[in-house]
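**Student:** just a sequence and a predicted model for now, questions to come.
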Amino acid sequence: MNPFRRIAFNLWYFRQPPWDTNQTPPELFSFISHHAPGRALDVGCGTGTNTITLAQNGWQVVGIDFASKAIRTARRKAKQIGVSVKFFVDDVTHFRHVKSDFDLILDIGCFHSLDEAGKNRYCLHVDRLLKPGGDFLIYLFFKDGAAESFSGVVEADLEHFTSRWELISREDGTERGQRLSAWLHYRKPNS
């Protein structure tokens, strides 16, 4: 990631970033209600809202984000609530602090901010960390058509996932009523 964008993302956490709603989306609650708890990894976890929700529902959870301010806030929130969660400052294109296999890898708004090289590295690591039969749940939004748009995906970017895992479900929507978005649920083959 561009160093200036990295600094900008970190600075957002000294206020309330627009993407940090402090609310777990219904799509994650639906997933939790239909899947037995296991080990989960929340990539780009921000201030830990969804990581904590998973832990409150019996999951053993690790949350990573490259914004150190966000991770400090996430640790404080988990301690105040009284849940056990491991949080690390880490880069989702390297995963230096995460070694174990996971039953669930969750990404709410991280992948779509990566450049092409970062997307490739991210997917290699996610594939390595996801157990056979494990679930990958991702929320992303699509580029709005502006050439200078720095985040979002195009439909072809989804090949990163479909070339590796089986698509279980896709729910299209809009990001804040404006940009096209999607919730995607993939499963890694057991073989």
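**Tutor:** Cool, the structure landed. No experiment lies behind these values; they were computed from the predicted model shown.
**Student:** count the neighbours of Gly134 for me.
**Tutor:** Close neighbours of Gly134, defined as other Cβ atoms under 10 Å, add up to 24. In this view, the C-beta of every residue, glycine as well, is placed from N, C-alpha and C.
**Student:** for it, give me phi and psi.
**Tutor:** phi -80, psi 160 (degrees, to the nearest 10).
**Student:** need the contact list for it.
**Tutor:** 101-105, 187-188 (Cβ atoms under 8 Å, 6 or more residues apart in numbering).
**Student:** quickly name whichever of the residues you listed is closest to Gln23.
**Tutor:** Leu104 (19.2 Å; Cβ to Cβ).
**Student:** contacting residues around the closest one?
**Tutor:** Applying Cβ under 8 Å, 6+ apart, the residues near Leu104 are 31, 35, 38-41, 54, 59, 134-137.
**Student:** which element, helix or strand, includes it?
**Tutor:** strand 102-108 (DSSP states H and E).
**Student:** that strand pairs with which strands, and in what direction?
**Tutor:** strand 39-43 (parallel), strand 130-141 (parallel) (DSSP bridges).
**Student:** quick one on the thing from earlier: just the buried subset of the contacts of Leu104, please.
**Tutor:** Neighbour-count burial (16 or more other Cβ atoms under 10 Å) applied to the contacts of Leu104 gives 31, 38-41, 54, 59, 134-137.
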